[in-house]
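>>> Below is the structure, and that's it, no one-letter string:
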């Protein structure tokens, strides 16, 4: 038993898709979230810069005395997960292995598509992880640079969003049977993405898959929060403006959230 | 990546229910299994004796150079899981927390029933783990001492099996909405148990739930076996007679198995 909060970090609001799934599966756990919206998107940045920013977010969460850290950002996971997991004495989860593993289970034939940020695609990490599990798996990856700015601007279902998504995904049409949403921002565009590819394509939400892993690791390390502790004090921090973050978070999570600005 | 086998231990053949689920979910992993049929059942034994036997099985698996140990026996998990997990530098999984956690997720109202061996019920561990996760959960436990001998004798669907199961479960009828099969032998009696309680009762197979956790921990510790290594050399050891073990294992797993006798 460990009643401390779980810490989530992301380049911005994308990690909220992981928090939403956590609220559904593990509603008694408490959340501390830090989104680095002032410096989002991470995708086009250099690896060393992403690494440094990610460590700043990790140290912030450590000061908040979290019991587990979830790197709810594919780009940061690609660059820094293994190193942070090694360095910390609390469990540290990334979103890439849960997504890769779920895609392999879902995809019995055909090609697995991966959409992600430039850095995640350039790191080739999804293909590597998928093929380390199954060398015969076919993987087709593509960066979708306009998606994170769309989501950070709360353009989720607009005609602009539809146009951009259709345009970005045209090379995947008819080519993939499973598509990994390899950036935690992308599930916010899920209905539009599903429409663009058709109902027969299975979408894998790397963040949602990650929550199943959180649940197992809370059990394994015996650090669940008691269900009798009453209301939690979730706190969301952003390095950017409080107002747009709050609006998007409340719409997405369908609950009131407390958001504070923080300078790192 | 770690291509060594996963070690399973059980008091006898019950742990095969966990192996069957592993073969389904993670067919590329290799298995070393040790069943202590010569000293089964563990349920009526003293805790110190069970602890000592379990350590003997663990040491046997360590000599086989396994990458993970699954205590595929509720009784041994109840007595020795935490201690063994602390002592070893490879991951050690038990079957109780996965079962307790799955039951809580499945059981939205009503009472959770637990059937297990005498020792597991006396340890009160299922009730403790369930109520540590949710103090308001109602739990009703009962030992079913005749079940393990029935299974070890391969009496799975016989009229004797039916009579014994109906008789043992009569206090649960109409009282529980979820029933944890808190002994890895019991899923072999699943159809008879389901018949005895009716289709509206959700049966939780603690061993099958455990396999989902195995999958997550293989990812988390990055010790999956490559899927391109071809046929595995599963090996099953029993401290008892090879013939009945082989017969039951082949029927249950629906594949040819290699069984060797071993004295501990």
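Noted; the coordinates are in hand. For clarity, every value in this text was computed on a predicted model and none was experimentally measured.
>>> Could you use CA atoms for every contact and neighbour count after this?
Fine.
>>> do you know how far the nearest residue to residue A:25 once chain neighbours are set aside is from chain B?
Once flanking residues are discounted, residue A:25 sits nearest to residue A:211: 7.6 Å by Cα to Cα, 6 or more residues apart in numbering or on different chains. Applying Cα to the nearest Cα, to the nearest Å, the value for residue A:211 to chain B is 11 Å.
>>> Residue A:133 now?
6 Å.
>>> so what pLDDT did that residue get?
What the model reports as pLDDT for residue A:133 is 82.
>>> quick one: contacts of stretch A:80-92?
Contacting residues not belonging to stretch A:80-92 are listed as A:51, A:54, A:55, A:67, A:68, A:69, A:70, A:71, A:93, A:94, A:217 [Cα atoms under 8 Å, 6 or more residues apart in numbering or on different chains].
>>> following whatever helix or strand residue A:59 lives in, which helix or strand shows up next?
Of the helices and strands defined by DSSP states H and E, residue A:59 is found in helix A:47-63. Counting by DSSP H and E, the next helix or strand C-terminal to helix A:47-63 is strand A:68-71.
>>> Note down every partner strand of that following strand and its orientation.
Strand A:68-71 has its sheet partners listed here by DSSP bridges as strand A:6-10 (parallel), strand A:92-93 (parallel).
>>> Among the contacts of stretch A:80-92, give me the pair with the biggest separation.
Of all pairs drawn from these, the greatest distance, 24.5 Å, lies between A:51 and A:217 (Cα to Cα).
>>> Start and end of stretch A:224-236, how far apart?
End-to-end distance for stretch A:224-236: 21 Å, by Cα to Cα, to the nearest Å.
>>> Now it: average pLDDT?
For stretch A:224-236, mean pLDDT rounds to 85.
>>> Of all the residues in the helix holding residue A:59, which ones are buried?
A:47, A:50, A:51, A:53, A:54, A:55, A:57, A:58, A:60, A:61, A:62 (16 or more other Cα atoms under 10 Å in any protein chain shown).
>>> among the contacts of stretch A:80-92, which ones are buried?
Taking 16+ other Cα under 10 Å as the criterion, what is buried in those is A:51, A:54, A:55, A:67, A:68, A:69, A:70, A:71, A:93, A:94, A:217.
>>> what's the nearest residue to the residue most central in space within chain A if we skip its chain neighbours?
In chain A, the residue lying closest to the centroid (Cα atoms, centre = their mean) is residue A:184, at 3.0 Å. Nearest residue to residue A:184, sequence neighbours excluded (Cα to Cα, 6+ apart): residue A:14, at 4.6 Å.
>>> What is the burial count for whatever residue of the stretch 51-200 of chain A ends up closest to chain B?
Closest to chain B within the stretch 51-200 of chain A is residue A:134: 5.0 Å, counting by Cα to the nearest Cα. Residue A:134: 19 surrounding residues under other Cα atoms under 10 Å in any protein chain shown.
>>> next one: residue A:45
15.
>>> these two touch, right, residue A:9 and residue A:15?
Yes - contact criterion Cα atoms under 8 Å: residue A:9 and residue A:15 qualify, at 6.8 Å.
>>> mind checking how far the closest residue to residue A:131 other than its chain neighbours is from residue A:116?
Spatially, and ignoring its direct neighbours in sequence, residue A:131 is nearest to residue A:137 (6.0 Å; Cα to Cα, 6+ apart). Distance of residue A:137 to residue A:116, computed by Cα to Cα: 18 Å.
>>> And residue A:69, by the same measure?
21 Å.
>>> Quick check: closest non-adjacent residue to residue A:56.
Spatial nearest neighbour of residue A:56, excluding adjacent residues (Cα to Cα, 6+ apart): residue A:264 at 7.1 Å.
>>> which SS class is the one you found?
Each residue gets one of three states, and residue A:264 gets coil by DSSP: H, G, I helix; E, B strand; the rest coil.
>>> Around it, how many other residues sit close by?
Around residue A:264 there are 11 residues (other Cα under 10 Å).
>>> ok, now residue A:123?
Neighbourhood size, residue A:123 [other Cα under 10 Å]: 15.
>>> Tell me where chain A has helices.
Secondary structure of chain A (DSSP state H): helices at A:16-25, A:47-63, A:74-87, A:96-106, A:118-123, A:125-133, A:147-152, A:159-168, A:190-197, A:206-220, A:242-253.
>>> one step back: ok, now how distant is the residue nearest to the residue of the stretch 51-200 of chain A closest to chain B when sequence neighbours are not counted from residue B:191?
In space, and not counting its chain neighbours, residue A:134 is closest to residue B:227: 5.0 Å by Cα to Cα, 6+ apart. Separation of residue B:227 from residue B:191 (Cα to Cα): 33 Å.
>>> now swap in residue A:105 and tell me
Residue A:105 is 27 Å from residue B:191, by Cα to Cα.
>>> per the record, what domains does chain A have?
Here the domain parsing of chain A from automatic domain parsing is A:6-94+A:209-261, A:96-207.
>>> one step back: which among the buried ones among the contacts of stretch A:80-92 gets closest to residue B:176?
Nearest to residue B:176 out of the buried ones among the contacts of stretch A:80-92 is residue A:217 (Cα to Cα; 28.6 Å).
>>> which ones are touching the closest one?
A:91, B:217.
>>> try residue A:98
So residue A:98 contacts A:206, A:209, A:210, A:213, B:216, B:219 (Cα under 8 Å, 6+ apart).
>>> who are the neighbours in contact with the second one?
Neighbouring residues of residue A:209 by Cα under 8 Å, 6+ apart: A:95, A:98, A:99, A:102.
>>> can I assume residue A:111 is in contact with residue A:141?
No - using Cα under 8 Å, residue A:111 makes no contact with residue A:141, being 10.3 Å away.
>>> how near is the residue nearest to residue A:131 to residue A:174?
17 Å.
>>> Skipping its backbone neighbours, what lies nearest residue A:263 in space?
Nearest non-adjacent residue to residue A:263 (Cα to Cα, 6+ apart): residue A:239, at 5.6 Å.
>>> my guess is the one you found meets residue A:37, correct?
Yes - using Cα under 8 Å, residue A:239 makes contact with residue A:37 at a distance of 5.7 Å.
>>> who in the stretch 101-250 of chain A is up against chain B?
Counting by Cα under 8 Å from any Cα of the partner chain, the stretch 101-250 of chain A comes close to chain B at A:132-136, A:213, A:216-217, A:219-220, A:224-228.
>>> picking up where we left off before, which of the buried ones among the contacts of stretch A:80-92 sits closest to residue A:23?
Using Cα to Cα, these come closest to residue A:23 at residue A:70, 14.2 Å.
>>> my guess is the closest one contacts residue A:96, does it?
No - using Cα under 8 Å, residue A:70 makes no contact with residue A:96, being 11.4 Å away.
>>> so what's the residue of the stretch 151-264 of chain A found nearest chain B up against?
Using Cα to the nearest Cα, residue A:227 is the residue of the stretch 151-264 of chain A that sits closest to chain B, at 5.0 Å. Residues near residue A:227 by Cα under 8 Å, 6+ apart: A:28, B:132, B:133, B:134, B:135.
>>> Quick one: buried ones out of those?
Neighbour-count burial (16+ other Cα under 10 Å) applied to the contacts of residue A:227 gives A:28, B:132, B:133, B:134.
>>> ok, now which ones touch the closest residue in space to the second one that isn't next to it in sequence?
Right, residue B:132. Distance criterion Cα to Cα, 6+ apart; nearest residue to residue B:132, sequence neighbours excluded, is residue A:226 at 6.4 Å. By Cα under 8 Å, 6+ apart, residue A:226 lies in contact with A:1, A:2, A:3, A:28, B:132, B:133, B:134.
>>> Switch these over to JSON lines; also include distance to residue A:256.
What follows is the contacts of residue A:226, written out as JSON lines (distance: Cα to Cα, whole Å):
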{"residue": "A:1", "distance to residue A:256": "27"}
{"residue": "A:2", "distance to residue A:256": "25"}
{"residue": "A:3", "distance to residue A:256": "22"}
{"residue": "A:28", "distance to residue A:256": "16"}
{"residue": "B:132", "distance to residue A:256": "28"}
{"residue": "B:133", "distance to residue A:256": "25"}
{"residue": "B:134", "distance to residue A:256": "25"}
